[in-house]
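> build me a structure from this.
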Amino acid sequence: MTVQESGAEPRAAGIKDVAAAAGVSLGTVSNVLNRPDRVSPATRAKVEAAMAELRFVRNESARQLRAGRSRVLAYVMLDGSNPFFTDVAAGMEDAADAGDLSLFLCNSAHQPTREAAYLGRLEQQRVQGILITPVDPDAPLLHEIARRGTPVVVVDRTPGGTTHCSVAVDDVYGGEIAVRHLIEQGHERIAFIGNHTTVGQVRDRRLGALRALSAAGLPADRLVDLTTTALTVADGRGAGERLAGLPAAIRPTAAFCANDLVALGLLQTCANLRMRVPDDLAIVGYDDIEFAAAAAVPLTSVRQPRRRLGRTAAELLLAEGEPDHEHRQVVFTPELVVRASTLR
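Okay, the predicted model is just below:
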């Protein structure tokens, strides 16, 4: 119910209205909202009944104004269309829920200007902390925001210094185990599909691929770069067409894709061109999103602990307020999940 004052428009019920309806003091209503353990069950029930009757909704903005900080965490993700990042966000939400906090999601879409705009708005809104998978993990703006008092945790990247906590996966090792597996399956010319010139994670995965070739005694030119502009299914389809157009003598017999979306696009092109997977082309993806196992040919993929990655990042952010807090750089080890796309 709204409160109708004589000659005025109806307004939302406030804490004074609840106190009057329940016949208690403002302090008692405040305790019910903030410290319910201090109120007897009978009085708490009376206040809660008044709140329900008046359809009272607490004014969180007023509470935020008094505290100088909101009960909101924010995650600025790199690519909202990639299920990897939404899985990471689900882990963050687990930690936020446990702390009675909300989680806002923002998508930079790999655009530095868009990322900076979101960071500015979030800082102005006094969010409790910012989780970010940044375009550049060493961007000066991240350091400035932290120095001004808003904690920042870098996710899926490791910054050069120790100004922030960070949570990441060892992508060099991930690339190494992916290509080592392909070499063990007998492949000696392997395509690498991704945008390694612009995305740090992809650059690390390619470095791991080169290490695997070197360890096997194979020259670096056995890794054939099919560079993409992004990491989407469409990019994978386009790379597949380029790969199929290569002369048979130099065409790779296997492909390591920078993520599962690219791998799924490549798999689609193989089906359209009647290329058999894995007989004509073996495929390894990265991330092990849910779609990987459900593909027409189940996809071998490097698994990242996506939800754990997000939860750990959020827990580090919440720990920023502890007096003895020290910044930590947490690095998880990925694992290879072998499926039909590479097993002959």
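
> next SSE after the least confident helix or strand in the chain by mean pLDDT?
One helix or strand of the chain scores below all others by mean pLDDT, DSSP states H and E: helix 60-67, with a mean of 54. Toward the C-terminus, helix 60-67 is succeeded by strand 72-77 as the next helix or strand (DSSP states H and E).

> quick check: nearest residue in space to residue 33, chain neighbours excluded?
Among residues not flanking residue 33 along the chain, residue 58 sits closest, at 5.9 Å (C-beta to C-beta, 6 or more residues apart in numbering). To be clear about C-beta, it is placed using only N, CA and C from the backbone, and glycine gets the same treatment.

> so that neighbour, which state does it fall into?
Secondary structure for residue 58, judged by DSSP: H, G, I helix; E, B strand; the rest coil, is coil.

> tell me how many other residues surround it.
With neighbours defined by other C-beta atoms under 10 Å, the count for residue 58 comes to 14.

> quick check: it vs residue 30, distance?
The gap separating residue 58 from residue 30 is 10 Å, by C-beta to C-beta, to the nearest Å.

> now swap in residue 111 and tell me
The spacing between residue 111 and residue 30, counted by C-beta to C-beta, is 44 Å.

> output stretch 310-328 as PDB, restricted to C-alpha atoms.
What follows is stretch 310-328, C-alpha atoms only, in PDB (Å, rounded to 0.1, in the frame of the first residue of the first chain):
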ATOM      1  CA  GLY A 310      34.900 -16.200 -10.600                       C
ATOM      2  CA  ARG A 311      34.200 -17.200  -7.100                       C
ATOM      3  CA  THR A 312      37.800 -16.900  -6.000                       C
ATOM      4  CA  ALA A 313      38.100 -13.500  -7.600                       C
ATOM      5  CA  ALA A 314      35.000 -12.200  -5.800                       C
ATOM      6  CA  GLU A 315      36.300 -13.700  -2.500                       C
ATOM      7  CA  LEU A 316      39.600 -11.800  -3.000                       C
ATOM      8  CA  LEU A 317      37.600  -8.600  -3.600                       C
ATOM      9  CA  LEU A 318      35.600  -9.000  -0.500                       C
ATOM     10  CA  ALA A 319      38.800  -9.600   1.500                       C
ATOM     11  CA  GLU A 320      40.200  -6.200   0.400                       C
ATOM     12  CA  GLY A 321      38.600  -4.600   3.500                       C
ATOM     13  CA  GLU A 322      40.500  -6.800   6.000                       C
ATOM     14  CA  PRO A 323      43.200  -4.900   7.900                       C
ATOM     15  CA  ASP A 324      45.900  -7.500   7.100                       C
ATOM     16  CA  HIS A 325      45.000  -8.000   3.500                       C
ATOM     17  CA  GLU A 326      47.800  -8.500   1.000                       C
ATOM     18  CA  HIS A 327      47.400  -8.700  -2.700                       C
ATOM     19  CA  ARG A 328      47.500 -12.200  -4.200                       C
END
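
> could you tell me which residues within it count as buried?
Going by neighbour count (16 or more other C-beta atoms under 10 Å), the buried part of stretch 310-328 is 310-318, 320, 327.

> and for the closest residue to residue 22 other than its chain neighbours, the neighbour number?
Closest residue in space to residue 22, ignoring its immediate chain neighbours: residue 50 at 3.9 Å, by C-beta to C-beta, 6+ apart. For residue 50, the count of nearby residues is 21 (other C-beta under 10 Å).

> host element of residue 204?
Residue-wise, residue 204 maps onto helix 200-215 under DSSP H and E.

> list the helices and strands that helix packs on?
On a contact count with 3 or more C-beta pairs under 8 Å, 6 or more residues apart in numbering; DSSP states H and E, helix 200-215 meets helix 171-184, strand 190-194, strand 223-227.

> how about CSV for those, with distance to residue 139 added?
CSV is the format used below for the helices and strands packed on helix 200-215 (distance: least, C-beta to C-beta, whole Å):
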stretch, distance to residue 139
helix 171-184, 19
strand 190-194, 22
strand 223-227, 24
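
> circling back: dump the buried residues of stretch 310-328 into TSV; add pLDDT, distance to residue 45 and secondary structure as well.
Formatted as TSV, the buried residues of stretch 310-328 follow (pLDDT from 0 to 100; distance: C-beta to C-beta, whole Å; DSSP: H, G, I helix; E, B strand; the rest coil):
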residue	pLDDT	distance to residue 45	secondary structure
310	98	38	helix
311	98	35	helix
312	98	40	helix
313	98	40	helix
314	97	34	helix
315	97	35	helix
316	96	39	helix
317	96	36	helix
318	94	32	helix
320	89	37	helix
327	91	46	coil
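
> from those residues, which is closest to residue 275?
Closest to residue 275 out of these is residue 310 (36.1 Å), distances taken as C-beta to C-beta.

> please tell me how far the nearest residue to the closest one once chain neighbours are set aside sits from residue 157.
Distance criterion C-beta to C-beta, 6+ apart; nearest residue to residue 310, sequence neighbours excluded, is residue 91 at 2.8 Å. Distance, residue 91 to residue 157, using C-beta to C-beta: 16 Å.
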